[in-house]
Structures are given as structure tokens and as C-alpha cells.
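*Asks:* Prediction below, plus the sequence it came from.
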Amino acid sequence: MKLCRFELISSPTHPRSGIVYGSKVYETDGSNPIGTYEWSEVRLLAPVGMPPSVRLFHASDEESDWSLAEENPLPNFQYLNPRSMIGPGLTLPVAERVTRLEATPCIGIIIAGAGRNVSPEDADGLILGLCLVTSFLTPNDQGARSRDIGFVLGPAVTTPDELDDAVTVDERGRRYRFGASLKVNSEELMSFDLSDLPRTPAELLSFASESATLQQGDVVAIALGPASKPLEKGDQVQVACEKLGVLTTRIA
């Protein structure tokens, strides 16, 4: 299934939950359908509300390099500000003082249940589903503030059963076999194959759960590559994945 949150264009500021199926959005009360809408009637919101926490695992940096996974068994991650999250199709406001802005495409994992010190063998069972994440970076800032400008989550949460045809499983957990890309103004800048990631989502979730309990609604983002070229106001940033949809953001 593809789980979503949305509002009706005719009734904004009233978040609703539903399922995306084919060309329609079905509103549910958690178990039963209560409404059916055409795409022209709705605007998608971030598919989860305010997450308790957001972790971003880096694709590569000075401390942790994906290409050296076996030599460096402890991947690096940082926390993002949940209140800097925006939904799909929205505009990211950028302060005048920002002199450089970059985008990092990520795969997002939404946590379904609580777990502490979870083993890699059990970690896949904590996953509600996958989505796309675009994290924005201001390299002129230092430390965590460099990621505080915002991140985008969407367009929907795809549950693991819908991805079974693109998965291989081994002792390290489920490994996803599909691609993703980053485009700016329709120009493709990066493309990725998730099967090339040296760490499975289960391994990363297990590591994250060592220091703090994973909670329902937590977001764990896995960066797919280093930040892209500098962005300018008016640019349209698009992360696309054949299984997870398209996530578009415009820079203000």
C-alpha cells in the first residue's frame, strides 16, 4: 500500500489520512474507507505528522565513507530538526544570508514500533514503509545548523509488502533493488541503485537503536550520495524513484 496524508483543496488546513491507489486517493478512518477523491481535489502533505526524531545517515563524509563499510563498521548519522520538515510540492524558503544551498537525495524509513538494541535480524520488522527525503544543506553553516534549513518528506509511505518483487534477503536483512535519481530543473545530476548501498536498512536501524529507543513515527533517512551542485532561487529539485514516486521542491 501507499499511505498518505492530504488535505482537500476545498477544505485546506484539515489533514486527512488515506491510501493512494491508481488514479485516486481513498480517505480512511484508520481501517475503513470513508471517501474517494480525484487527484485534482487533493494536495498531498508530508505522509507522517511531526516525527519524534529524524536521523540522517550520511552517504560519505570525513568520518564515515560508504565505500569503506567493512573497515568502518560504525556508520555516522546526525539528527535533523523535525520542525524543519515540509511536505511534497511545497516551496522551501531560504534566508537572504544563505550564500550556498545544496540538496541531498535520501531514502526515508518510517518506523512502525518501538525498539531498543534491536538486532539486524529483527530490525526490518520495525519498518512501516519507505518514502523519499530531500535534505537541504547550507555548507556555510557549521555542525547540525548546516542541516537546519529544512528537509522534505513524501510523497507517500510505501509499505514493505509492495516492494517484495524488488528485494533480496540475506543475514544482513532486506536489500532493495531499484533505482533513484536527482534532477534540478529537469537535468539529471545523479542516479543511484539502492542495491549498491553497503549497509542494509536493518543494519542501520540496529545501529541507531543502540543509543536511543526507536519510536513509532521516527524517520531514518539514508543519503544516497554527496550533496549536489549549488542551488539558486527558482530552481526545482526533484527526487524520483520507480517504486516510491516523485518528490518535488521549489527553492524560494
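*Replies:* Thanks, I have the structure now. Numbers count the residues shown, from 1 in each chain.
*Asks:* Can you give me the neighbour number for residue 124?
*Replies:* Around residue 124 there are 19 other residues, counting by other C-beta atoms under 10 Å. Where you see a C-beta, it was placed from the backbone N, CA and C, and this is true even at glycine.
*Asks:* Quickly note the distance from it to residue 176.
*Replies:* Relative to residue 176, residue 124 is positioned 11 Å away (C-beta to C-beta, to the nearest Å).
*Asks:* Show me the helices in the protein, by range?
*Replies:* Under the criterion DSSP state H, the chain contains helices at 120-123, 201-208.
*Asks:* Would you mind finding the most buried of those?
*Replies:* Among the helices of the chain, judged by mean count of other C-beta atoms under 10 Å, the one packed with the most neighbours on average is helix 201-208 (a mean of 23).
*Asks:* Can you measure across stretch 4-16, start residue to end residue?
*Replies:* Using C-alpha to C-alpha, to the nearest Å, one end of stretch 4-16 lies 8 Å from the other.
*Asks:* and the nearest residue to residue 95 once chain neighbours are set aside, what is it in contact with?
*Replies:* The shortest distance from residue 95 to any non-neighbouring residue, by C-beta to C-beta, 6 or more residues apart in numbering, is to residue 149 (7.9 Å). Residues near residue 149 by C-beta atoms under 8 Å, 6 or more residues apart in numbering: 84, 92, 94-95, 98, 101, 136-138.
*Asks:* can you give me phi and psi for residue 149?
*Replies:* Main-chain torsions, residue 149, degrees, to the nearest 10: phi -70, psi -30.
*Asks:* Identify the residues contacting the residue lying closest to residue 151 once chain neighbours are set aside.
*Replies:* Leaving aside its sequence neighbours, residue 151 sits nearest to residue 135 (C-beta to C-beta, 6+ apart; 4.4 Å). Contacts for residue 135 (C-beta under 8 Å, 6+ apart) come out as 56, 80, 103-104, 106, 147, 151, 221, 223.
*Asks:* same deal with residue 131?
*Replies:* Going by C-beta under 8 Å, 6+ apart, residue 131 touches 47, 107-108, 110, 153-158, 244.
*Asks:* switch the cut-off to 7 Å
*Replies:* Residues counted as contacts of residue 131 (C-beta atoms under 7 Å, 6 or more residues apart in numbering) are 47, 108, 110, 153-154, 156-158, 244.
*Asks:* would CSV of these with neighbour count, pLDDT and distance to residue 28 be doable?
*Replies:* Supplementary listing: the contacts of residue 131 in CSV, determined by neighbours: other C-beta atoms under 10 Å; pLDDT from 0 to 100; distance: C-beta to C-beta, whole Å:
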residue, neighbour count, pLDDT, distance to residue 28
47, 26, 97, 13
108, 27, 98, 22
110, 23, 98, 17
153, 26, 98, 20
154, 30, 97, 18
156, 25, 98, 13
157, 25, 98, 13
158, 23, 98, 16
244, 25, 98, 20
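*Asks:* which sections of this protein are below the confidence cut-off?
*Replies:* 59-74 (pLDDT under 70).
*Asks:* distance of residue 96 from residue 192?
*Replies:* Residue 96 sits 33 Å away from residue 192, going by C-beta to C-beta.
*Asks:* Residue 95 too?
*Replies:* Using C-beta to C-beta, residue 95 is found at 30 Å from residue 192.
*Asks:* More neighbours: which of those two?
*Replies:* Just comparing residue 95 and residue 192: by other C-beta under 10 Å the higher neighbour count belongs to residue 192, 19 against 8.
*Asks:* Which residues are in contact with the nearest residue to the more buried one once chain neighbours are set aside?
*Replies:* Nearest non-adjacent residue to residue 192, counting by C-beta to C-beta, 6+ apart: residue 224, 4.4 Å away. Taking C-beta under 7 Å, 6+ apart, we find residue 224 in contact with 59, 105-107, 180, 192.
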